[in-house]
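**Q** model this:
(one chain, ligands or ions: 1)
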Amino acid sequence: MPFARTTGVQLAEADASLVRGSLAWAPELCTAMGVLHGGALMTLADSVGAVCAFLNLPPGATTSTVESKTNFFRAVRSGTLHAVARPLHTGGSIVVVQTELSDDDGRAVGMTVQSQAVRGGDRG
Ligand SMILES: CC(C)(COP(=O)(O)OP(=O)(O)OC[C@H]1O[C@@H](n2cnc3c(N)ncnc32)[C@H](O)[C@@H]1OP(=O)(O)O)[C@@H](O)C(=O)NCCC(=O)NCCSC(=O)Cc1ccccc1
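**A** As a prediction, the model looks like this:
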């Protein structure tokens, strides 16, 4: 995923039940007053969530995000943003993934729930 790489998203762990990733705070990723931009948070969540969805696809299928909703609980002004994604629903046509975002102190920063279309492959 070139955009994720350009943004600085790092993947730490990935299997079908749990995917972990992170994004380091950087001035160029901020909106006003040194606060990490909401789009940067959503980029990390979507990237980690998409990997989670991909790992839950039937053989030969691909996926695309078709819906995504994020709550922002707390601003991030330094350190590293952490993401943990888990599948909520793995259907034949839709996979739904929930991603928790937290800061270096383990405080909840945000929550994303996204829907991923299942395209092609053997849907059973
Ligand atoms: C501040 C508030 C909005 C409301 O607080 P609540 O939920 O009612 O909870 P609570 O009162 O418990 O306070 C929690 C913590 O907040 C602190 N705090 C409180 N008031 C203020 C204040 N006026 N200013 C600063 N900080 C304040 C407070 O001290 C506490 O910290 P502490 O425990 O003391 O260390 C919080 O939910 C928040 O910061 N959310 C994240 C927003 C964010 O970063 N968005 C992304 C960037 S926007 C963007 O890019 C747009 C976009 C989006 C999408 C795509 C593209 C673009």
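**Q** CA only for contacts and neighbour counts going forward, please
**A** Noted.
**Q** in which helix or strand does the residue nearest to the spatial centre of the chain reside?
**A** Against the mean C-alpha coordinate of the chain, by CA atoms, centre = their mean, the closest residue is residue 45 at 2.1 Å. Assigned by DSSP states H and E, residue 45 falls within helix 38-54.
**Q** tell me the buried residues in that helix?
**A** Neighbour-count burial for helix 38-54 flags 38, 40-54 (criterion: 16 or more other CA atoms under 10 Å).
**Q** those residues also near the ligand: which ones?
**A** residue 38 (CA under 6 Å from any ligand atom).
**Q** ok, the buried residues of helix 38-54 vs the ligand, which is closest?
**A** residue 38 (3.4 Å; CA to the nearest ligand atom).
**Q** mind listing what the closest one touches?
**A** By CA atoms under 8 Å, 6 or more residues apart in numbering, the contact set of residue 38 is 31, 72.
**Q** from residue 72, how far off is it?
**A** Noted for residue 38: a distance of 8 Å to residue 72, by CA to CA, to the nearest Å.
**Q** hang on, the earlier thing: shouldn't the residue nearest to the centre of the chain be in contact with residue 102?
**A** No - with contact defined as CA atoms under 8 Å, residue 45 does not count as touching residue 102 (10.8 Å).
**Q** list the residues that contact both of the two?
**A** With CA under 8 Å, 6+ apart, residue 45 and residue 102 have common neighbours residue 83.
**Q** and the pLDDT for the residue nearest to the centre of the chain?
**A** What the model reports as pLDDT for residue 45 is 98.
**Q** cool, residue 122 as well?
**A** You'll see residue 122 listed with a pLDDT of 75.
**Q** around the ligand, which positions in the protein sit nearby?
**A** Looking at the ligand, the residues of the chain close enough under CA under 6 Å from any ligand atom are 31, 35, 36, 37, 38, 39, 72, 73, 74, 75.
**Q** the third one contacts residue 25, doesn't it?
**A** Yes - using CA under 8 Å, residue 36 and residue 25 qualify as a contacting pair, with a distance of 6.6 Å.
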